[in-house]
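K.L.:
how does the following fold in three dimensions:
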Amino acid sequence: MRNELAKKGITLDLSLTQTEMGVVHGGRDSRWNDGGRADFLFSLDTGKAGLWSGGLLTVEGEYNYGHGANLKTGSLMPVNSNELFPVPGHSGNFALPAITYTQFFSRYFGVVLGKIDVMASDQNEFAHGAYGKGDTNFMNLGLNVNPVTLFTTPYTPLAAVAIILPTGDPKEAALEFGALSSNGQANTSGFDELTAAFGEQVPAWIIA
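P.N.:
Numbering: from 1, shown residues only. Model prediction:
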């Protein structure tokens, strides 16, 4: 059934990462705890679905549970990136960090609109695999992303992005120009903060 749905443009990917972690020496607390995070990714290819060509709708859902060792090590850098999402320090939360729509008008130009997940932007297979959240490979935050960027770019901002493919092949070259909201949390839509920012005439966008 899953393969048949994929042929019609509908895919659903599910993953679950569960960890048992504890501090074996030193730290703030040596007790062991278990926790985990589930990731749900739904996509709809409008061309394969027989609607219109060049469109792709994606929705990501996350749920975390249990407790980890990040606050028990005494380290400045989280040792388990996976337990930080969708909302750091809040266990038992379900959230939608990404709801995006991509539309290509030709093989050279397309746009992306919606709430994006910036953690998946750097597809570095050695450091963090496909998800960038400690699902595979390394779990330490410093080996998943550049921690400095977390101070300048929110995890799930509202965004408008233009994509240019000079040769028509994304594997050869791709240029992206976008504007991201300066606020964004996985458990909020972001529109309230955006409206308030424009109402107060406060800059609310980061040009990337």
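K.L.:
you'd agree residue 45 is up against residue 54?
P.N.:
No: the pair residue 45 / residue 54 is not scored as a contact, 9.5 Å apart, by Cβ atoms under 8 Å. (C-beta placed from N, C-alpha, C; glycine too.)
K.L.:
looking at the two, which is more packed in?
P.N.:
Counted by other Cβ atoms under 10 Å, residue 45 and residue 54 do not tie: residue 45 has more neighbours, with 19 against 14.
K.L.:
show me the beta-bridge partners of the more buried one.
P.N.:
residue 56 (DSSP bridges).
K.L.:
all further residue positions should be reported with the first residue as 18.
P.N.:
Taking 18 as the first residue, the last one we looked at is residue 62.
K.L.:
what sits against it?
P.N.:
Counting by Cβ atoms under 8 Å, 6 or more residues apart in numbering, residue 62 touches 26-28, 72-73.
K.L.:
where does the chain have low pLDDT?
P.N.:
Applying pLDDT under 70 to the chain flags the ranges 137-149, 208-225.
K.L.:
where along it do the strands fall?
P.N.:
27-38, 50-62, 72-83, 111-121, 126-132, 175-181, 192-198, 222-224 (DSSP state E).
K.L.:
okay, those strands in JSON lines with distance to residue 160 next?
P.N.:
JSON lines is the format used below for those (distance: least, Cβ to Cβ, whole Å):
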{"stretch": "strand 27-38", "distance to residue 160": "15"}
{"stretch": "strand 50-62", "distance to residue 160": "17"}
{"stretch": "strand 72-83", "distance to residue 160": "20"}
{"stretch": "strand 111-121", "distance to residue 160": "21"}
{"stretch": "strand 126-132", "distance to residue 160": "26"}
{"stretch": "strand 175-181", "distance to residue 160": "26"}
{"stretch": "strand 192-198", "distance to residue 160": "24"}
{"stretch": "strand 222-224", "distance to residue 160": "25"}
